[in-house]
Every structure is written in structure tokens, then in C-alpha cells.
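# Here's a sequence, model it:
(one chain, ligands or ions: 1)
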Amino acid sequence: MTLPTKPLVLKRFLLSLFFSAALLLLLFLRQPHKSVPIRDRKTDSDGLKIRRGYTSYDSYIQRQLNKTLNPKLRQIWKTRDWDRKVLVFSSFFQVLKSEKLLSNASRSLCIGARVGQEVEALKRVGVADSVGIDLVPCPPLVIKGDFHNQPFRNDTFDFEFSNVFDHALYPQRFVAEIERTLKPGGICVLQVALLKRADKYSANDLYSVEALVKLFTRSEVVRIRKVDGFGLDTEVVLRKKM
Ligand SMILES: C[S@@+](CC[C@H](N)C(=O)[O-])C[C@H]1O[C@@H](n2cnc3c(N)ncnc32)[C@H](O)[C@@H]1O
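Next comes the predicted model:
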């Protein structure tokens, strides 16, 4: 009577396999599921992630306008916030002047300048020929313009500054427009947040400075340093190649 032994062994083996798998599944399900902080989420290999949720370009623009057009906020930006922010921007620009990356003769552009505090700062440190662009104009310092399609000819500026890279829905286009409108040898200064998530109106999240630098195809890095600029922690300076 040896015949029934094999099916019996097989049956026992399959049963123990089934119970082990069930036990493992149970243990796995009992593990608490921790939420991963956004900056720890490894996104794509480029270290730059476009936020989901913008169903069209119009919906992106509308979201940006919702904040920028807020009358109460605009009043605060132009009064209570004004001097404090102009002073901080001025100190950044003074450093750049001392490094000969900016001069009084530099034709300058501030991208996403809102009510124009950074433009005012440039003028205060002696850079007279300065203007800002934003979706909402704020005369006389800021004219209307979308940074994905700058309203300027090629090779216009000696210096471009921006602290709104995170608001670009098309980062490649944002950078290409800077490289298009900068003169050969012109300087681009971007202040970005690497260590923490930028604000809820941002359109992208940046996780590495390399991902930003990679977007520049016609420029070389001059320097990168840590800064403390209204929630932004890294300043990247590039020069457009001759
Ligand atoms: C965080 S605010 C920064 C304002 C200013 N640079 C400052 O530090 O006070 C972002 C600005 O980017 C502007 N912005 C967003 N998308 C834009 C676009 N596609 N073209 C131009 N400006 C844009 C918004 O209107 C807003 O004024």
C-alpha cells in the first residue's frame, strides 16, 4: 500500500504552503502604512517632477492668477512686505555686484516679479535699466508677460533673476526662454527650494540642483551657494555661452 503516500505528501505540502502565504499576507497587512514625506519620495531620475492636477494650460494660469490677483494680498505686498523684501533682494544683488556678475550697466529682467520688489531692489543698488514680468502687470516696475513665452527679442538682457522656477509648468521652456533672451555672456540667477517643498501654487518640485542645471543647454555654471531667500535655499548662477 505505497500508492496513496505521494498524493498525501503533496496535499500536506500544498496546505502548508497555503497557510504560510496566508500568514505572511496577514503580517504584511498589519504593518502600519506610513505616509512618505514629499521630499523623500524619489520621483524620476531627473530630480524634477511636474505636479499633477493641471488639466489644461488655462487651469494652470487661472491657479496662478487666483493668488496674484487677490486684492488684499496685493495691498500687503505693496505696503507691509515692501521694505523688508526690497532690503533682502538688495543684499543678494549687492553680493552679485561685488562678484562682478551684475553691474550698473546691466540691462536686467526679473521673472515672475509680482509687484516688483526685486526690480525696485535692482534700481536701488544702481541697476537702472531693470524691469519685471509677471502674468499680472504692476506698473511701472512690472509688465505683463508669461515666462514660458517672454515678450522680448533674442539677446536682450545682460542679467536675469528669478525665484519662481517652481511655478513653471514647462521648466524646459522656462529655461529655454531665459537662454533665448539673455545676451551671450549674460548672467542668469535662479533661487530655488531644494530642501523643502515649495508653495501650493507651485507647478513643479525640484529635488536636485543637477536636474535644474541639466535644463540649461547654452550656459555654464558660475557658482552655486546656499541662501536664505523667502523659503528658497539655493542660488544657482549661470552664464550663457558666447
Ligand atoms: C511666489 S510668487 C513670487 C513673486 C516675487 N518674485 C516675490 O518674490 O515676491 C510667484 C509669481 O510668479 C508669477 N507667475 C506664475 N506663473 C507665471 C507665468 N507663467 N509667467 C509669468 N509669471 C508667472 C505669479 O503670478 C506670481 O506673481
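
# do you know how far Met242 is from the ligand?
To the ligand, Met242 is 28 Å away according to C-beta to the nearest ligand atom, to the nearest Å. Using the backbone N, CA and C atoms, a C-beta is placed for each residue, glycine as well.

# contacting residues around that residue?
With contact set as C-beta atoms under 8 Å, 6 or more residues apart in numbering, Met242 has these partners: 184-185.

# Need the contact partners of stretch 85-99.
102-103, 117-118, 120-122, 124-127, 161, 187, 189, 191, 227, 229-230, 235, 237.

# I'd like to know which of the residues you listed are part of strands.
Secondary structure defined by DSSP state E assigns 161, 187, 189, 191, 227, 229, 235, 237 of the contacts of stretch 85-99 to strands.

# what helix or strand does Glu220 sit in?
strand 219-229 (DSSP states H and E).

# Can you list the neighbours in contact with that strand?
Applying C-beta under 8 Å, 6+ apart, the external contacts of strand 219-229 come out as 88, 92, 101, 163, 179, 182, 187-188, 191, 209, 213, 233-241.

# which among these end up buried?
The neighbour-count criterion (16 or more other C-beta atoms under 10 Å) marks 88, 92, 101, 163, 179, 182, 187-188, 191, 209, 213, 234-240 among these as buried.

# hmm, back to that, does the strand holding Glu220 come close to the ligand?
No: for strand 219-229, no contact with the ligand is found by C-beta under 6 Å from any ligand atom; the gap never falls below 8.2 Å.

# For that strand, buried residues please.
So strand 219-229, judged by 16+ other C-beta under 10 Å, has buried residues 219, 227, 229.

# would you turn these into TSV with pLDDT and distance to Tyr57?
Supplementary listing: the buried residues of strand 219-229 in TSV, determined by pLDDT from 0 to 100; distance: C-beta to C-beta, whole Å:
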residue	pLDDT	distance to Tyr57
Ser219	98	26
Val227	96	31
Gly229	90	28
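
# Which residue ranges of the protein form helices?
Remark: helices assigned in the chain by DSSP state H are 5-30, 57-68, 71-78, 82-98, 117-124, 171-181, 209-213.

# For Asp46, find the nearest of those helices.
Shortest separation from Asp46 across the helices of the chain is recorded for helix 209-213, at 4.8 Å, computed as C-beta to C-beta.

# what's the most distant pair in the ones in strands among the contacts of stretch 85-99?
Taking C-beta to C-beta as the measure, the ones in strands among the contacts of stretch 85-99 reach their widest spread between Ile187 and Gly229, a distance of 17.0 Å.
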